[in-house]
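Participant: I'd like to go over a predicted model; first the sequence, then the structure.
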Amino acid sequence: MLQQTQVTRVIERFEPFMTRFPTPAALAQAEEETVLALWQGLGYYRRARMLQRAAIDIVERFAGEVPLEVPSLMSLPGVGRYTAGSIASIVGKARTPIVDGNVSRVLARLYEDDRPPDDPEVVSDAWARAEQLVDACLDPATLNEGLMEFGALVCTPATPQCNICPLQDQCAAKAAGRQREIPVAKRQTKKVTMHHHAIVIRRGGKTLMHRRAKGGLWAGLWQAPAIETGRRLTTTSLLEASELPLADVEYLTSTTRLLTHRRVHLHVHRGVLRPRVRCPQGADQRWMAALDLEAAPLSNAAREVLGLAAEMK
DNA sequence: AAGGCGTGGGA
DNA sequence: TTCCCAAGCCT
């Protein structure tokens, strides 16, 4: 959960998830939809699927016990060098380094490393420096947690608290007065603009919902049926493009979501089915009552769309 | 190896 | 408003 996600955001999700899935075996046996439901709103939903696959692996290959060695951990889906190092050092007490976003920043400043932090050679150097520290330290678990916490609370990205920093006399960036400009900003991926034309259809207190494809954005999550294009559609062309048996669509409102790599304009419509037609239900299309919607895995974007449609009623 | 993959808080 | 960035990983 903590991969690319702030601690404060994870805290509220951790207990419910662990209560529902207290062991790898419990997670391994669950329906994917149940796992996604407890993950909804957290983002990066692939993590949830990979975590469940890791649980299955742990049951099958490690007798249900989470391995505590870096190579075994890294053989699990979704577990990279950082996650493996964290578990091995903090849980397994192994003398192994970790480099996350925080540690990377702390080290860059400490050594006045002004190279682009995502460059493979710079990453490799950061791991080597972290390894030096963990080899020299008293307690690897405390060092690793401490480095991350230090980065999150003191050696922060925009305005580091150098005045209270215990390393201010040893920091090369501070000595050069460059702590604000190191590390250099990562190159941002350009946001591609997308238009999602959502059609909210209600009948008898239920809402027609559609499950997104297994790959790509919001994979496997539910949403109001939508047409996704690079350019905005008129209601007329939307009506033509939709495969639903619609009598009419009415435009309600729009909103925008900014993702890491995408700017998604969500255009909310109300759809009216042709009278007396049946909407085919299947694995990927269902009528959902309010209670179903609560329990189903929806992205926050999909929930916003439903909320906006309800407001405009 | 560069880009896909969410969401929200803070500057 | 807009941009940056989070306890990264996979392809």
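Facilitator: Perfect, thanks for sending it. Numbering: from 1, shown residues only, chains lettered A, B, ... in the order given.

Participant: where exactly do the helices run in the stretch 201-313 of chain A?
Facilitator: A:235-241, A:290-295, A:300-311 (DSSP state H, counting those that start in this stretch).

Participant: Could you name the helices and strands sitting against the longest one?
Facilitator: If you count contacts as 3 or more CB pairs under 8 Å, 6 or more residues apart in numbering; DSSP states H and E, helix A:300-311 packs onto strand A:192-203, strand A:222-223, strand A:246-258, strand A:262-273. For the C-beta atoms, the positions are set from N, CA and C on the backbone; glycine is no exception.

Participant: is any part of it close to DNA strand C?
Facilitator: No. Applying CB under 7 Å from any atom of the strand, one finds helix A:300-311 out of contact with DNA strand C, separated by at least 12.9 Å.

Participant: Any idea how far that helix is from the middle of the chain?
Facilitator: Taking the mean of its C-alpha atoms, helix A:300-311 sits 20 Å from the chain's own mean (CA atoms, centre = their mean, to the nearest Å).

Participant: again with stretch A:161-175
Facilitator: 33 Å.

Participant: what number of residues lie near residue A:209?
Facilitator: 22 (other CB atoms under 10 Å).

Participant: OK, contacts around it?
Facilitator: Residue A:209 is in contact with A:222, A:223, A:224, A:225, A:285, A:286, A:287, A:288, A:293, A:296, counting by CB atoms under 8 Å, 6 or more residues apart in numbering.

Participant: Any figure for the gap between residue A:271 and DNA strand B?
Facilitator: 22 Å (CB to the nearest atom of the strand, to the nearest Å).

Participant: That residue pairs with what?
Facilitator: With DSSP bridges applied, residue A:271 shows beta-bridge pairing to residue A:201, residue A:249.

Participant: Go through the helices and strands packed on helix A:300-311 and pick out the most buried.
Facilitator: Mean neighbour counts were taken over the helices and strands packed on helix A:300-311 using mean count of other CB atoms under 10 Å, and the top value, a mean of 24, falls to strand A:222-223.

Participant: how about it, does it reach DNA strand B?
Facilitator: No. Strand A:222-223 lies out of reach of DNA strand B by CB under 7 Å from any atom of the strand, never closer than 10.2 Å.

Participant: Which residues does that strand contact?
Facilitator: By CB under 8 Å, 6+ apart, strand A:222-223 touches A:198, A:209-212, A:286, A:288, A:296-299, A:301-302, A:305.

Participant: any chance you could map the helices in the stretch 1-150 of chain A?
Facilitator: Under DSSP H, counting those that start in this stretch, the stretch 1-150 of chain A gives helices at A:7-20, A:24-29, A:32-39, A:46-61, A:70-74, A:81-86, A:101-110, A:120-136, A:140-153.

Participant: ok so, going back, what is the most widely separated pair among the contacts of strand A:222-223?
Facilitator: Comparing all pairs in the contacts of strand A:222-223 by CB to CB, the longest separation belongs to A:286 and A:301, at 18.9 Å.

Participant: ok, back up a step: export the contacts of strand A:222-223 to TSV and tack on distance to DNA strand B and pLDDT?
Facilitator: TSV is the format used below for the contacts of strand A:222-223 (distance: CB to the nearest atom of the strand, whole Å; pLDDT from 0 to 100):
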residue	distance to DNA strand B	pLDDT
A:198	13	98
A:209	15	98
A:210	16	97
A:211	14	97
A:212	9	97
A:286	20	96
A:288	18	97
A:296	13	97
A:297	10	97
A:298	8	98
A:299	3	97
A:301	4	97
A:302	7	97
A:305	11	97
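
Participant: Kindly list the main-chain dihedrals of residue A:5?
Facilitator: Backbone torsions of residue A:5, given as degrees, to the nearest 10, read phi -140, psi 130.

Participant: ok, for the residue in the stretch 51-200 of chain A positioned nearest to DNA strand C, nearest residue in space, not its chain neighbours?
Facilitator: The minimum distance from the stretch 51-200 of chain A to DNA strand C, using CB to the nearest atom of the strand, falls at residue A:80 (2.4 Å). The shortest distance from residue A:80 to any non-neighbouring residue, by CB to CB, 6 or more residues apart in numbering, is to residue A:74 (6.8 Å).

Participant: The residue in the stretch 1-150 of chain A that DNA strand B sits nearest to: how many residues sit nearby?
Facilitator: Distances between the stretch 1-150 of chain A and DNA strand B by CB to the nearest atom of the strand are smallest at residue A:43, namely 2.6 Å. Other residues near residue A:43 number 16, with proximity taken as other CB under 10 Å.

Participant: residue nearest the centroid of chain A?
Facilitator: In chain A, the centroid-proximal residue (CA atoms, centre = their mean) is residue A:44; its distance is 2.6 Å.
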